[in-house]
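*Asks:* Attaching a predicted model along with its sequence, questions to come.
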Amino acid sequence: MVLEWFSFSKGTYLQIMKFFVLLLLFASVQARSQNFDTLVDVGGYHLNFHIVSGKGIPILFESGGGDDGTVWNGLLPAVSDITGATLITYDRAGFGKSEIDTNRHGILNGVKALETGLKKLGYGGSIVLVAHSMGGFYATLYAYRNPEKVKAAILIDANHMCFYNEQRIKATQVMIDKQPKSINLGSYYLSMDFQNTIDVMHSAPFPDRIPATDLISEKTPFNDSADIADWIHCQQAFGRSAPNRKSVMAYGTGHYVFLDNQALAIDAIAMQYAQFLSKTQQDELYRRGFEYSFSAANEERKRDFAYYHSERYLNEWGYFLLGRGEMEKALEVFKLNTALHPESANVWDSEAEAYEKLGDKENAIKFYQKVLEIDPHSTNAKEHLQNLMRK
């Protein structure tokens, strides 16, 4: 009976084998297409695009000034797993693997080149935008030129025109004028086009009809108090300017919010993307999002645990308590540190010092001797031992 399964004619057998070969080749192509780079001619020069294949409305990531598309690499796997969408990053002209036409630069030419590249790749229709810093201007101009295509935006500590008053524009231009022409043509022309960028953006507001989430860094990219206040104010004003927008303060993060709090950025992207899905698809997205958030929270706790139980942190905490005169508490911290890091001469030295300050000569000598067992060259331990012996 088993042999009957293989009793095909020679022609049938060859057809079956061809089918399986084609199937394997198709699977191989599909596997390769999941994650690939491609150079696209956008009119006499090439832009480099990185594609993570998926379904539904694609998500385009705009990097900040000075960054190429690789800045998003750490975010892409989780966003892909949760949304299932096609993800697109790219290097702006002169950055990463992209070329530049030095006769056609500036933000308007940059966005036109992006439009050409997306259209050639087959992604010239509906799209969701994610933008960081200077990328906020590019995303805004793209949305202004294509309001019917942009379905939502997630802006991450992004540039808003509200921030750029006349005084700041002049101060920025003075800094730019002093900048030498660098090897990186992308950075050079991005800087030199600053005034042109401001002029273009004055006439290109972000469309009110497009829903948007604006993530704001708590530790802004500025040191001046007026700059800090205005940066946060402008971000919040954008979030209040339309009923379909919201601004979220990303506590504890710097300018690269999506690196400092990856889970928050991913959640913001997923929540915006969910509105384009069916009820069943939304439920599945929320399930995957919850699993990621759970795992991310656990990893964060793991990192926190590692930090708060690190040799350096415990040592600093112990000396902080010594400085406040809380000798017994400091000693307990140093004991914990030696238990967790018994190979470190430094932590034994700290415990010995705590005993010495408490007047426990016997244990102080014992633990300074322990230091010398680990590090025979410790001059601090030798000096303290000599003093304790003389006493």
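*Replies:* Cool, got the structure.

*Asks:* From now on I want contacts and neighbour counts done on CA atoms only, so please keep to that.
*Replies:* Fine.

*Asks:* Can you give me the buried ones in stretch 55-66?
*Replies:* Buried residues in stretch 55-66, counted by 16 or more other C-alpha atoms under 10 Å: 57, 58, 59, 60, 61, 62, 63, 64, 65, 66.

*Asks:* what about the residue nearest the centre of the chain, distance to residue 231?
*Replies:* Central residue of the chain (C-alpha atoms, centre = their mean): residue 259, 2.9 Å from the mean position. Look at residue 259 and residue 231: by C-alpha to C-alpha, to the nearest Å, they are 20 Å apart.

*Asks:* What separation do you get for the closest residue to residue 105 other than its chain neighbours and residue 107?
*Replies:* Distance criterion C-alpha to C-alpha, 6 or more residues apart in numbering; nearest residue to residue 105, sequence neighbours excluded, is residue 189 at 7.1 Å. Separation of residue 189 from residue 107 (C-alpha to C-alpha) stands at 10 Å.

*Asks:* neighbour-wise, which of these two wins?
*Replies:* Between residue 189 and residue 107, residue 107 has the larger neighbour count (other C-alpha atoms under 10 Å), namely 22 against 19.

*Asks:* Is that one in contact with residue 198, as I believe?
*Replies:* No. Applying C-alpha atoms under 8 Å, one finds residue 107 not in contact with residue 198, separated by 9.4 Å.

*Asks:* neighbours of residue 278, just the number please.
*Replies:* 10.

*Asks:* contacting residues for it?
*Replies:* Contact analysis of residue 278 by C-alpha atoms under 8 Å, 6 or more residues apart in numbering lists nothing.

*Asks:* same check, this time on residue 322
*Replies:* Residues near residue 322 by C-alpha under 8 Å, 6+ apart: 330, 354.

*Asks:* in a strand, that's where it is, yeah?
*Replies:* No. Counting by DSSP: H, G, I helix; E, B strand; the rest coil, residue 322 is not part of a strand but helix.

*Asks:* quick revisit: please put the alpha-carbon coordinates of the host helix or strand of the residue nearest to residue 105 into CSV.
*Replies:* Of the helices and strands defined by DSSP states H and E, residue 189 is found in helix 185-192. Output of helix 185-192 as CSV, limited to C-alpha atoms (Å, rounded to 0.1, in the frame of the first residue of the first chain):
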residue,chain,number,x,y,z
LEU,A,185,28.0,66.5,1.9
GLY,A,186,24.6,65.6,3.4
SER,A,187,25.3,67.4,6.6
TYR,A,188,27.0,70.3,4.8
TYR,A,189,24.0,71.0,2.5
LEU,A,190,21.5,70.4,5.2
SER,A,191,23.1,73.2,7.2
MET,A,192,23.6,75.5,4.3
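
*Asks:* just to revisit the earlier point, pLDDT score for the residue nearest to the centre of the chain?
*Replies:* We have a pLDDT of 93 for residue 259.

*Asks:* next one: residue 133
*Replies:* According to the model, residue 133 scores 95 on pLDDT.

*Asks:* From residue 188, how far out is it?
*Replies:* In this structure, residue 133 and residue 188 are 17 Å apart, going by C-alpha to C-alpha.

*Asks:* now do residue 52
*Replies:* As for residue 52, its distance to residue 188 is 30 Å (criterion: C-alpha to C-alpha).
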